Every structure is written in structure tokens, then in C-alpha cells.
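> Return atomic coordinates for the entry below.
(one chain, ligands or ions: 1)
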Amino acid sequence: MAFTTNNPLIQVEDDRTGLSVETLKRALADNLFYLQGKFPGIATKHDCYMALAYTIRDRLLQRWLNTFQTYMACDNRVVCYLSAEYLLGPHLGNNLINLELYEPVKQAVEESGLDLQELIDLEEEPGLGNGGLGRLAACFMDSLATLEIPAIGYGIRYEFGIFDQEIKDGWQVEITDKWLQLGNPWEIARPEASVLIKFGGHTETYADDHGNYRVRWIPGSLVKGVPYDTPILGYKVSTANNLRLWKSEAAESFDFRRFNLGDYYGAVEDKVSSENLTKVLYPNDEQIKGKKLRLAQQYFFVSCSLQDMIRIHLTGNPTLDNFHEHFAVQLNDTHPAIGVAELMRLLVDEYRFDWDRAWQITHATFGYTNHTLLPEALEKWSLSLFGDLLPRHLEIIYEINQRFLDQVRIKYPQDSGHLAQLSIIDEAGEKSVRMAHLATIGSHAVNGVAALHSELVKETILKDFYEIWPEKFSNKTNGVTPRRWMVLSNPRLSQLISEQIGDTWIKDLDQLHQLEPYAADAEFRQKWQSMKRSVKQDLANYIQVQNELLVDPNSLFDVQVKRIHEYKRQHLNVLHVIHLYLQLKNDPTLEIPPRTFIFGGKAAPSYYIAKLIIKLINAVGDVVNHDPAIGDRLKVVFLDDYNVKLGQRVYPAADLSEQISTAGKEASGTGNMKFSLNGALTIGTLDGANIEIREEVGAENFFLFGLTTPEVEQTLAQGYRPWDYYQNNADLKAVIDLINSGFFSHGDTTLFRPLMDSLLGHDPYLLMADFQSYCDCQAQVSKAYQDQDNWSRMAILNVARMGKFSSDRTIREYAKEIWSINPVQVELEDLCPDGRCLLISHTNGAHS
Ligand code: NBG
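I've put the predicted structure just below:
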């Protein structure tokens with residue numbers, strides 16, 4: 001943006017918006033001085049990162065405010081994505097890509113004597129999520145903005161995100177994640193938009209002015225929700241949507257009444273307990289039963305968000321009667337499902353709607369996405385805990401349930417079995433509220449996240465609901481954003497692709513199809529191989545520094561990075577490593593390509609078996625990596641603290657992607673997509689989105705093994721006996737016996753017993769049943785890797801055929817089929833026409 005000074009010959013760029021290298025350099029120095037309070041001589045690298053981040057944020061603000069303005073001016077629908085988790089990853093690099101500013105900024109930074117990559121690497125990522133679910137929310141925010149769809153992301157501003165992982169003596173150690181310690185330049189607090197949230201207490205009935213029966217909630221305590229906003233910019237568009245995360249604070253920063261009574265500590269305690277609400281993200285796979293704080297977090301952010309939507313709605317509408325026309329609210333799993341009861345409460349108690357109209361509005365507003373079938377992950381809250389925290393919501397849920405079950409009775413007059421199956425209240429054992437039932441009943445649309453998973457949702461956990469409302473159910477296969485997961489993380493690959501087919505694929509991933517013919521082009525395959533080699537060298541360098549281990553970039557990089565969980569079967573991978581190790585020990589002349597096994601992932605702090613799997617990986621690595629008879633033929637690496645940043649290093653360098661969950665257990669997976677989009681081949685089961693990936697890339701370019709979902713069910717139903725597999729398979733027996741002998745644990749024969757006993761005893765995830773098929777398939781992988789030319793041909797075909805898995809495609813489907821929402825173009829217009837703040841020119845006319 002340029003404005004003219006008194007001298008019409010001189011064009012001066014505004015320091016806060018200008019895009020030339022000179023202006024960027026000036027802005028950097030300016031921000032270092034005025035925002036960080038430093039000059040180059042005393043500034044730390046982190047100060048320089050902050051100055052650069054503010055420089056980029058300044059260039060986002062115009063778009064962000066234009067986006068607000070545009071949405072206020074038009075009465076288009078807005079989608080509100082409610083998610084307890086956003087695993088965003090660092091902002092700086094991504095914003096440079098989306099603003100198309102990478103090159104000029106790189107130059108400006110270099111000319112200022114700094115290194116752009118070094119500054120990018122300094123950013124502490126906001127780890128406000130556990131894994132796939134939170135990362136999906138982040139990819140969705142990127143796609144929503146890129147597709148110019150009006151959207152607000154709502155969530156929680158955890159002070160401590162997912163813990164940092166260190167590996168000590170092979171064990172996981174958790175360190176608190178202090179991501180806010182050095183400040184967060186990407187957010188702006190909006191205390192003026194704070195809201196109050198009630199908890200506990202009791203309810204009373206009364207008759208209103210018209211003699212109607214009403215309920216009033218007298219809370220036991222109040223907490224204030226303060227919004228912190230972060231712009232989420234789309235790629236090559238002016239749309240910057242808002243991510244609004246709520247922080248809890250004491251309603252009064254000090255309880256003066258108590259203070260005056262001399263109860264100083266009581267007053268402080270209130271403040272502390274209010275602030276605790278958004279202190280920490282709960283790791284998943286953790287028993288959440290009885291964790292009242294978790295339910296309080298969920299209610300807190302959902303109520304803040306709904307109140308915020310209502311405020312926005314009422315600025316342009318006289319009543320809430322058309323709320324559902326203005327907002328489509330998507331529930332990311334059941335974590336925000338309390339929203340159904342909360343919107344009913346707001347409409348009925350606070351805005352005095354009659355029940356039926358309130359229900360129509362609520363039902364038309366919500367959509368619910370299910371992300372897991374694992375019984376232990378399905379949220380249930382005991383009635384007593386629920387009633388203590390949210391007494392009014394419990395009454396509302398009873399009323400919703402009553403009315404719903406009345407309909408069920410009419411449909412199935414003879415059958416009380418259905419009532420118990422469908423009820424929101426689970427009467428078996430300690431009575432509890434089933435959040436998935438509340439979400440399903442309160443939403444007009446319910447979806448799973450991959451084709452198989454959506455079918456299983458209909459056949460298993462929500463079967464009885466599907467019978468009543470088949471039209472409510474659909475599938476929306478997950479996707480990932482190519483901006484972060486290709487352009488940003490793999491510039492070498494992206495450049496190679498763009499040289500061949502132009503760069504339209506970045507916004508229209510189906511264009512990757514144009515690469516297909518090049519798979520048959522020997523010259524292109526050569527280029528591909530040398531590109532891959534240098535990407536692998538980068539990771540090898542990282543491993544050398546981090547793990548003090550030399551790995552050969554020509555070896556097959558066999559990678560499994562994801563949360564550690566028994567159903568994901570990292571231990572099946574380890575069994576194969578040991579099997580290969582034994583093979584090589586027994587026959588040193590064996591011709592197999594050298595492999596580097598790379599693992600990464602966090603285990604929930606209280607999930608003992610998952611932590612033992614980490615220990616096993618490291619213990620096997622310790623032996624294998626130092627066995628001179630093995631040399632460079634096998635290496636095992638555990639990368640600590642797997643997060644978005646590390647993912648960006650790892651996916652590009654993989655040759656083989658391990659997607660080996662027990663069939664039927666992984667709802668979708670999204671890592672599987674990132675690998676394949678970066679040219680790794682997959683070894684996988686017919687689970688989650690693997691099935692669709694295989695369909696797209698072709699069965700001949702995918703390494704398939706293992707039981708199918710129906711075979712898994714059948715095997716278990718027939719009385720599965722893992723011990724028999726152990727007894728009857730000499731290779732498997734040798735592997736298990738070696739672990740049990742203490743070979744990997746300095747002679748300690750008890751260390752890995754719990755894990756081995758579980759495998760031989762009941763093996764709920766059928767490792768024993770899938771072992772042989774997995775090893776056979778891995779042998780095919782080894783064979784295929786020996787033909788490098790053909791391997792690269794398959795890799796190119798993988799990339800060329802992965803267009804379906806862009807989150808842009810996923811979001812288009814949600815927008816059309818669930819949200820009925822259209823894009824709105826944001827025009828970049830100058831809010832400060834003379835290049836200075838309007839307020840100044842209005843008040844003193846200094847810039848006429
Ligand atoms: C996870 C599934 C993954 C899926 C992501 C995103 C939860 C509850 N579910 O398979 O395990 O890819 O959600 O949909 O975290």
C-alpha cells in the first residue's frame with residue numbers, strides 16, 4: 001500500500017503494510033526497537049523472531065479486519081467450529097506461505113544479518129491438542145479461509161498445551177509445555193468481549209409476567225471467559241478468519257466482600273480456582289471418569305462461544321428466531337456436545353422461547369462429527385458429577401430425553417430394549433449421561449471421518465439412531481492442508497512438482513493428476529530420486545544432532561509417527577524389527593536393503609503399557625544400533641517430542657509409512673495422508689482412510705496386509721487364542737522369547753512381561769494373528785525397494801493420485817452437505833486511506 005507525501009514524486013510505503021524488501025527490513029528494525037525494546041546489539045534471536053512475527057502480523061491485520069467488516073456487512077451464514085483442541089503448529093512459516101511473502105521476507109531477514117529458517121524454528125508451537133483430532137481442526141481452519149468460507153473457530157486457550165516429551169534411559173518423561181512463556185505475538189486479547197459463565201448451585205421455578213412456568217438457575221459460582229483472537233489467513237486470498245480461544249479468569253479479579261471480611265486467602269482461592277479452568281489440556285487416552293474439571297472446561301468454552309454468537313447475531317437481528325440461519329455449529333467430537341443443552345437453556349430460560357421452537361432452532365444449528373469408536377473414548381458423565389456442576393442442564397437433558405423416548409415408544413410400541421439402548425441416560429451401572437447420544441439427538445447431521453468408519457458408526461455405536469433417522473448420517477472423509485504439509489514442509493518436492501505442472505495444485509490438489517505421465521519419464525524419476533535423497537539427508541542431519549546417531553540416507557526410511565497406543569500397534573512394528581535382526585544374525589549374507597526404523601509419538605502419562613512400548617523401542621534400538629555384526633544394515637531411532645514441527649521434518653523424508661492399526665479401530669488417520677502426499681509408500685491394514693488411499697493410488701502401489709474388520713470380529717468371536725500363534729510360528733516365538741529372555745533389558749526378564757503377557761494372554765488388538773502377514777508384506781517392501789527406479793515410479797504415482805485428500809475437498813463437502821454455506825469474497829481495501837490511523841485524522845485532522 002502506498003501513499004503520497006507532499007512531494008508527489010516520492011512514493012512511500014507504510015512500514016506496517018509495505019511489502020518491499022526495504023520496507024520489511026525497516027519494519028523489522030522498528031518492531032525490534034518499539035515492541036521488544038531492544039536494538040540489534042543486545043537483542044536475542046528470540047527477540048528477532050518476535051520482531052519478525054509482529055512484522056508479519058501487521059501485514060495480516062488489514063485482511064483480518066476487512067474480513068470482519070465483510071462478514072458484518074453481508075448476512076451470509078457463518079460456520080462456527082467448536083473444538084476443544086487445535087493443534088496449530090507454528091504460525092510464522094505458514095503465514096509467509098499464505099501471504100506469498102516467503103522470498104521477500106527471506107531476503108529482508110538475510111540483509112538484516114539473520115537467518116529466516118533459524119527464526120522460524122524458534123517459534124514455540126501452540127500444542128493445544130493431542131493428535132489427529134486437534135490437527136484436523138487446524139487443517140480445517142486453513143481450508144475454510146482458503147475457500148473464503150465465513151467461519152469462526154472456537155476453543156480453549158490452554159496455558160499448558162500437550163506436555164513436552166523427553167526420553168530418559170529409554171522412558172518417556174513429561175515436561176510441562178510453557179508455550180506462552182516468551183509471549184505469543186499472534187494473538188490479540190479482547191477483554192471487552194468477555195462473558196460470564198455460571199457453575200453449580202441450584203434451580204428455582206417461577207411464573208413470568210405472562211404466567212408461564214419458567215426456571216431460573218442460581219449458580220454457585222461465576223467465572224469470566226476472556227477471548228484471545230488469532231487470525232487464520234487463507235492461501236492467496238484476502239480472507240483471514242478468526243480463531244477465538246477462551247481463557248478463564250475470576251469474575252472479580254479479587255473478591256472484595258471476602259477480602260473486607262478478612263478472608264484474604266478465601267478471596268485469592270477463588271481467583272486461583274477460576275484460572276485453573278483453562279490451565280491445562282487433558283491428554284487423551286487418560287481415564288477421564290470423575291474429572292469434573294474436564295466437564296467444566298467443556299461447558300466453559302461452549303457457553304462462552306454460544307453467548308458470543310448470540311451477541312453477534314443480535315447486533316444485526318431483532319431476535320434469535322433465525323439464529324440457525326445465521327450460524328451452523330459443528331461439534332468436533334462429543335467434547336462440545338453440552339452445547340445442545342446450553343443453546344436450549346439460553347433460548348428457553350434466558351430468551352423465553354417456547355420449548356418446541358427452541359428445539360427446532362437448536363436442531364437446525366448443530367452438526368456432530370464422531371471421531372472414534374473405541375468404547376473407552378466415548379464420553380460419559382456420572383449423573384451426580386453432572387448435576388453438581390450443571391444442575392439446570394441435567395434437567396434440560398431429562399426433558400430432551402423424555403420427549404425423544406416418547407417418539408421412540410411410538411415407533412417401537414412393543415419394545416423396551418430400544419428405549420434403554422437409545423436413552424441419553426445410561427442406566428447400566430452408575431447412571432451416566434452419554435454425550436454421543438445427546439449430540440446425535442440434538443444435531444441435524446451426524447458424520448464419521450472415513451468411509452469405513454462412517455459405516456461402522458451406523459452399524460455399531462449409533463445403530464439404533466441410524467434405524468430411526470437414516471437420512472441424518474453421512475461420511476466426510478478427512479483431509480489435510482497441502483499448504484502446511486507440502487508447500488511449507490517440503491519445499492524441494494513442491495518446487496519439483498510446480499516446475500512440471502505449474503502451481504495451481506496448491507489450491508486445487510486434484511491437479512496433481514497431471515504428474516501421472518511423468519512417472520514413466522526416466523529423467524523425471526532421476527530428479528525425483530535426487531530430491532528425495534536431499535530431503536532424507538536433512539532428516540539424517542537432524543537425527544545426528546538430536547540422537548547422536550549416524551543413519552544412512554540411502555537406507556529405507558521406515559517411519560511410524562503418531563500417538564502411542566496399543567491399537568496403533570507400534571509394538572507390531574517392533575516385533576518385525578526384532579525379526580529382521582534375528583534373520584540377519586542367523587544369516588549375515590542375507591540380501592535385504594538397509595533400513596532405518598524411525599518412531600515418534602507421545603503416550604498418555606497414565607497409560608503404562610504405551611510407555612512400556614516406548615521403552616521397548618528404545619531398548620531394541622540400544623542393542624541393534626550398537627551390534628557390530630549389524631553395522632549400518634539396521635538402525636532404530638526414537639525421535640523425542642513428536643509434534644507438528646517435527647512432523648514437518650519427518651513426513652517429507654519417509655520412504656515407507658506405517659499405518660498398521662487393527663482393522664476397524666483407526667477412525668481415519670491423517671498422518672497416512674501426509675506421508676503419501678510426500679511420496680512415501682504405505683504399508684497398512686484395511687482400516688480408516690487407508691482403504692480410500694489404496695483405492696486412489698492403486699492396489700499395486702500399496703503394501704496391504706492383515707485381517708479385515710469382519711475377520712477381526714470373527715476371530716474374536718470364535719474365541720481367539722493368541723498363544724496358539726506363538727506356539728505354531730517359529731519366527732514369532734523366537735522374537736517373543738528373545739524379549740522375554742532379557743536380551744534387550746540387560747538380563748531383566750520381568751521388564752517387558754506386562755506387554756508380552758498381554759500379547760500372549762488376550763491380545764485384544766490381534767498382533768499375534770497379523771504377525772506373519774505383516775512380515776511377509778515387509779519382505780515384499782524390501783524386495784521392491786531394491787529396484788529404486790520402480791520405487792520412485794510408485795512414489796510419484798502415490799503423489800499424483802492423492803488429490804482427494806486435501807482438506808479443501810473435505811470442507812467443500814461439509815459446506816455443501818451439512819452447513820449449506822457459500823463463500824464470500826473479501827476485498828482488500830484500505831481501512832486507513834491515508835496510511836495512518838483514521839482515529840488520528842478524525843480527532844486532529846493532522847493528516848489531511
Ligand atoms: C481421531 C482418530 C483418528 C482421526 C482423527 C481425526 C480422536 C478422538 N479421534 O483416526 O483416532 O484421524 O480423530 O478425525 O482423537
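> so which helix or strand takes in whichever residue of the stretch 701-848 of the chain sits closest to the ligand?
The nearest approach of the stretch 701-848 of the chain to the ligand comes at Thr810, 10.0 Å away (C-beta to the nearest ligand atom). (Glycine included, C-beta is placed from N, CA and C.) Per DSSP states H and E: Thr810 is located in helix 807-814.
> if I look at the spatially most central residue of the chain, how far off is the ligand?
Central residue of the chain (C-alpha atoms, centre = their mean): Arg135, 1.7 Å from the mean position. Distance, Arg135 to the ligand, using C-beta to the nearest ligand atom, to the nearest Å: 8 Å.
> Okay, now the unreliable bits of the stretch 151-300 of the chain?
Along the stretch 151-300 of the chain, the model assigns pLDDT under 70 to residues 253-261, 288-290.
> What parts of it come near the ligand?
Within the stretch 151-300 of the chain, the positions adjacent to the ligand are Asn284 by C-beta under 6 Å from any ligand atom.
> in the stretch 151-300 of the chain, what residue is nearest the ligand?
Taking C-beta to the nearest ligand atom, the stretch 151-300 of the chain has Asn284 as its residue nearest the ligand, at 6.0 Å.
> What score does the residue of the stretch 701-848 of the chain closest to the ligand have for pLDDT?
On pLDDT, Thr810 comes in at 99.
> that older thread, helix or strand for the residue nearest to the centre of the chain, which one?
Judged by DSSP H and E, Arg135 forms part of helix 132-146.
> can you give me the angle that helix makes with helix 807-814?
80 degrees (axes from the mean of the first three to the mean of the last three C-alpha atoms, to 10 degrees).
> helices and strands around helix 132-146, which ones?
Judged by 3 or more C-beta pairs under 8 Å, 6 or more residues apart in numbering; DSSP states H and E, helix 132-146 is in contact with strand 78-82, strand 86-87, helix 92-98, strand 151-156, strand 221-233, strand 240-250, strand 327-332, helix 807-814.
> Now it - C-alpha only, CSV.
Listed next in CSV are the C-alpha coordinates belonging to helix 132-146 (Å, rounded to 0.1, in the frame of the first residue of the first chain):
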residue,chain,number,x,y,z
GLY,A,132,-5.3,-36.2,14.9
LEU,A,133,-8.5,-34.6,16.1
GLY,A,134,-6.8,-31.3,17.0
ARG,A,135,-4.7,-31.3,13.9
LEU,A,136,-7.7,-31.8,11.8
ALA,A,137,-9.3,-28.8,13.3
ALA,A,138,-6.2,-26.8,12.3
CYS,A,139,-6.3,-28.1,8.7
PHE,A,140,-10.0,-27.2,8.5
MET,A,141,-9.3,-23.6,9.6
ASP,A,142,-6.7,-23.3,6.9
SER,A,143,-9.1,-24.7,4.3
LEU,A,144,-12.1,-22.6,5.4
ALA,A,145,-10.1,-19.4,5.0
THR,A,146,-8.6,-20.6,1.7
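> pLDDT on it, on average?
Rounded mean pLDDT across helix 132-146 is 98.
> Over to stretch 579-595?
97.
> does Glu427 really touch Ser416, like I thought?
No - with contact defined as C-beta atoms under 8 Å, Glu427 does not reach Ser416; the gap is 11.5 Å.
> Now do the buried residues in stretch 720-740.
Tyr720, Pro722, Tyr725, Tyr726, Asn729, Leu732, Val735, Ile736, Leu738, Ile739, Asn740 (16 or more other C-beta atoms under 10 Å).
> Surely Gly742 and Arg753 touch.
No - Gly742 lies out of contact with Arg753 (C-beta under 8 Å); the separation is 10.2 Å.
> tally of neighbours for Phe140?
Residues lying near Phe140 (other C-beta atoms under 10 Å) number 28.
> Now do the contacts for it.
Phe140 is in contact with Tyr81, Ser807, Thr810, Ile811, counting by C-beta atoms under 8 Å, 6 or more residues apart in numbering.
> Residues of the stretch 701-848 of the chain that sit close to the ligand?
So the stretch 701-848 of the chain never meets the ligand (C-beta under 6 Å from any ligand atom).
> now stretch 319-338: mean pLDDT?
98.
> if I've got this straight, the residue of the stretch 151-300 of the chain closest to the ligand is in a helix?
No - counting by DSSP: H, G, I helix; E, B strand; the rest coil, Asn284 is located in no helix; its state is coil.
> Can you report how many residues lie near it?
Neighbour number of Asn284 under other C-beta under 10 Å is 21.
> which residue packs closest to it, ignoring adjacent ones?
Leaving aside its sequence neighbours, Asn284 sits nearest to Asn130 (C-beta to C-beta, 6 or more residues apart in numbering; 4.5 Å).
> What ranges does the stretch 551-700 of the chain have for its strands?
Shown for the stretch 551-700 of the chain, the strands assigned by DSSP state E, counting those that start in this stretch span residues 556-561, 595-600, 634-639, 656-659, 681-684.
> What lies in contact with the second one?
Strand 595-600 is contacted from outside by 539, 543, 551-552, 555-561, 570, 573, 577, 580, 617, 633-640, 642, 646, 650, 654, 782, using C-beta under 8 Å, 6+ apart.
> same check, this time on the fourth one
With C-beta under 8 Å, 6+ apart as the test, strand 656-659 has contacts from 556-560, 573, 666, 669, 671-672, 675-676, 680-685, 687-688, 690, 703, 781.
> do the last one as well
By C-beta under 8 Å, 6+ apart, the residues outside strand 681-684 that reach it are 655-660, 672, 675-676, 690, 693-694, 701-705, 774, 777-778, 781, 784, 791, 794-795, 798.
> That one near the ligand at all?
No - using C-beta under 6 Å from any ligand atom, strand 681-684 stays clear of the ligand, coming no nearer than 12.7 Å.
> Just give the strands next to that strand in its sheet, each with its orientation.
Next to strand 681-684 in the sheet, as set by DSSP bridges, lie strand 656-659 (parallel), strand 703-704 (parallel).
> From the chain's centroid, how far away is the last one?
What it means is strand 703-704. 26 Å (C-alpha atoms, centre = their mean, to the nearest Å).
> try stretch 209-225
So, by C-alpha atoms, centre = their mean, the centroid of stretch 209-225 is 36 Å from its chain's centroid.
> Give me the buried positions along it.
In stretch 209-225, counting by 16+ other C-beta under 10 Å, buried: Trp217, Pro219, Leu222, Val223, Lys224, Gly225.
> ok, and Gln529, which helix or strand is that part of?
helix 522-547.
> now for that helix, which elements pack on it?
Checking 3+ C-beta pairs under 8 Å, 6+ apart, helix 522-547 ends up next to helix 491-501, strand 634-639, helix 644-650, helix 788-800.
> wait, which of those is closest to Asn322?
Nearest to Asn322 among the helices and strands packed on helix 522-547 is helix 644-650 (38.7 Å), distances taken as C-beta to C-beta.
> quick one: that closest one near the ligand?
No - applying C-beta under 6 Å from any ligand atom, one finds helix 644-650 separated from the ligand by no less than 13.7 Å.
> And the pLDDT for the residue of the stretch 351-500 of the chain found nearest the ligand?
In the stretch 351-500 of the chain, the residue that lies nearest the ligand is His371 (3.5 Å; C-beta to the nearest ligand atom). For His371, the pLDDT comes out at 98.
> and what of Arg753?
For Arg753, the pLDDT comes out at 98.
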